[in-house]
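**Student:** Quick one: sequence and predicted model below, then my questions.
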Amino acid sequence: MIRITRPLGAPRRPASRRPAARTLAAAVLAAFGGAFGAACTDVTVAPQSAIASTNVFNDPGAYQAAAAKLYGTLALSGPGDANNCGGPVPCTDIQGIDAGFGQYLRVYWNLQELPTDEATIAWNDQSAGVQDLNSQSWTTNNGSITAMYARVMLQATLTSEFLRQTTDAQLTARGASQQQRAEVARFRAEARFLRALSYWHAMDLFGAVPLVTEDSPVGGRAPAQATRQQLHDFVVREATAAREGLPAPRRGDASQYGRATQAASDMLLAKVFLNAQVYTGTPRWSEALQAAQRVIASGAFSLDPQYRNLFLADNNRSAEIVFAVPQDGARTRTYGGMTFLVHAAFGPDAGGVQAGRDLGINGGWFGLRARREFGNLFTGLTGDVRGNVATGVNAIVFTPEQTLTLTRQIDNFNEGFRIHKYRNVTSTGAPGVDNNFVDVDFPMFRLADAYLMYAEAALRGGGGSTGIALGYVNELRTRARAPQVAAGDLTLPFLIDERARELFWEGHRRTDLIRFGQFTGGTKLWQFKGGAANGTATDARFNLYPIPAVELAANPNLRQNTGY
């Protein structure tokens, strides 16, 4: 069984040369792991409390350090340094899988991208089960699926415990000052947002999982499994409540970067509402449009003039990113996250692309490729900077020596189309602070997605204006140097393809394909879907991942998803 570990303290990290504007990455991630006491908790039951006023919150900075852990679970494998695994401070919060493979962002990305037309991986790591993700053939024993389940339950555990320990009664008992109370109020709103975010991931990936909150009994019986409808209602309620306690986004305010604001909560709500028909059977297009429009109307964000700048080592400077998972070559030293996405996409057969000069890294991991069908989305769009194959080392997406076809086998790294979307160099060409661990932040939510969600919701009958929707889409096309779209061509089939062209490799594709009825079945095929070279129809059960077998065995309250 995968188990959660929460060790005390964090190792010393080298000083960062990143800009001071990285605030939470610098001030909070530096304190990662320092707030939660040591424990080993079964992910299937409500945890025993590892936090007490006597051992944690007597320190004035403890509340910030505890909040740091909540953000840190998205960015890191655990409190330890990835280069010192096996030391006194473990480098992973969960056991049973390699620390890099089991890191939250990496395993989430794998589950969202590898079973789709956007990505494939050449590796054969049996413990992580990545080849089964490639072909939509996973089982209840898949290591990556089990790790993702553990990750969302860990986040639910930590955020709920933080909320349990920061009530007004607890603060009064500890003699908290007014300044501390104000600070903790924001931390509590952030914790609620982060918990809602992870429960959205759980609802989207698994359908129904246990719902652990600050009101859950500590210890005792295994928790009951919430329905998907109950999880949907909880996420909406929590994201809405969190929004009330979060600050409004402020344009150019570096202190907000990497932290939740009202706009981040609105993006989460837009995502949930956009997929509500999948989750509950009831569409909520109007609410999706309204949430997306709030982000747009806030005025705090604008499209980055250069698409490629969104995915470089100084992308924290972009005014387009609404919520990011910060990565720092000096502080976030993990073999998951963006380190994985930059290194795994590179190998020696890169044409003119060089690891150090163009990608800012010390070598490649020979892993990630795109499939033929994704490359075909750029057919006829030779000027589109998002997928231009003609500009050699300056191409954002493809390198010219690759073909679109995986001709022999999916685990051959020398076939398929290479993508170098993420690069550990700055917009001026300077390398990141470390050539192994990267500085590129993960853009979980950005303004372009709000534009596309507004457009889709408007086309689906959510109100708004199709004229405004067309304007938003053409703003993205203008930046991409792609042809403008006429009103009659703004259709749902166009939008699912445009979402892929704009948001590829950002962790959206599986969810989008399911919403459009194209993920399983035979409506849309791609290479090695279902294991066949040219793709074959797959069973509808794969629209949800299974509850891991080890969790079913440990918690009698869990019921498996249909078909597994």
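**Tutor:** All right, it came through fine.
**Student:** Same question for whatever helix or strand L470 lives in: list its buried residues.
**Tutor:** Here L470 is covered by helix 466-480, with elements defined by DSSP states H and E. Going by neighbour count (16 or more other Cβ atoms under 10 Å), the buried part of helix 466-480 is 469-470, 472-474, 476-477, 479-480. Glycine gets a C-beta too; all of them are placed from N, C-alpha and C.
**Student:** how about the CA coordinates for the helix or strand following that helix, as CSV?
**Tutor:** Under the assignment DSSP H and E, the closest C-terminal helix or strand after helix 466-480 is helix 492-503. Presented in CSV, the C-alpha positions along helix 492-503 are these (Å, rounded to 0.1, in the frame of the first residue of the first chain):
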residue,chain,number,x,y,z
LEU,A,492,-17.4,23.2,-31.3
PRO,A,493,-15.3,20.9,-33.5
PHE,A,494,-13.0,23.8,-34.3
LEU,A,495,-12.8,24.7,-30.6
ILE,A,496,-11.7,21.2,-29.4
ASP,A,497,-8.9,21.4,-32.0
GLU,A,498,-8.0,25.0,-31.1
ARG,A,499,-7.8,24.1,-27.4
ALA,A,500,-5.2,21.5,-28.3
ARG,A,501,-3.2,23.9,-30.4
GLU,A,502,-3.2,26.5,-27.7
LEU,A,503,-3.0,24.5,-24.5
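**Student:** for helix 492-503, packing partners?
**Tutor:** helix 447-459, helix 466-480, helix 509-515 (3 or more Cβ pairs under 8 Å, 6 or more residues apart in numbering; DSSP states H and E).
**Student:** mind checking how far the closest residue to A345 other than its chain neighbours is from Y63?
**Tutor:** Leaving aside its sequence neighbours, A345 sits nearest to L368 (Cβ to Cβ, 6 or more residues apart in numbering; 4.4 Å). Counting by Cβ to Cβ, to the nearest Å, the separation of L368 from Y63 is 39 Å.
**Student:** got a list of what A430 touches?
**Tutor:** Applying Cβ atoms under 8 Å, 6 or more residues apart in numbering, we find A430 in contact with A313.
**Student:** Is Q103 in contact with T334, as I believe?
**Tutor:** Yes. If you go by Cβ atoms under 8 Å, Q103 and T334 touch, sitting 5.4 Å apart.
**Student:** got any residues that touch both of those two?
**Tutor:** Common neighbours of Q103 and T334 (Cβ under 8 Å, 6+ apart) are 76-77.
**Student:** ok, these two, which is more surrounded?
**Tutor:** Relative neighbour count places Q103 above the other of Q103 and T334, with 32 against 25, counting by other Cβ atoms under 10 Å.
**Student:** ranges for the strands of this protein?
**Tutor:** 3-5, 40-42, 120-121, 321-325, 368-369, 442-446 (DSSP state E).
**Student:** that older thread, name the residue in L368 and Y63 with the higher neighbour count.
**Tutor:** Neighbour count, other Cβ under 10 Å: between L368 and Y63, L368 has more, with 30 against 24.
**Student:** gap between the residue lying closest to L133 once chain neighbours are set aside and L513?
**Tutor:** Of all residues not flanking L133 in the chain, L114 sits nearest, at 4.0 Å (Cβ to Cβ, 6+ apart). As defined by Cβ to Cβ, L114 lies at a distance of 13 Å from L513.
**Student:** care to break this structure down by domain?
**Tutor:** By the assignment in automatic domain parsing, the chain contains the domains 3-246+547-554, 327-440.
**Student:** re the thing from before, and the helix holding L470 with helix 492-503, angle?
**Tutor:** Angle between the axes of helix 466-480 and helix 492-503 is 40 degrees (criterion: axes from the mean of the first three to the mean of the last three Cα atoms, to 10 degrees).
**Student:** Please compute how far helix 466-480 lies from its chain's middle.
**Tutor:** 25 Å (Cα atoms, centre = their mean, to the nearest Å).
**Student:** sorry, back to before: and the domains of the chain as a markdown table, adding distance to L447?
**Tutor:** A markdown table is the format used below for these (distance: least, Cβ to Cβ, whole Å):
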| stretch | distance to L447 |
| --- | --- |
| domain 3-246+547-554 | 18 |
| domain 327-440 | 16 |
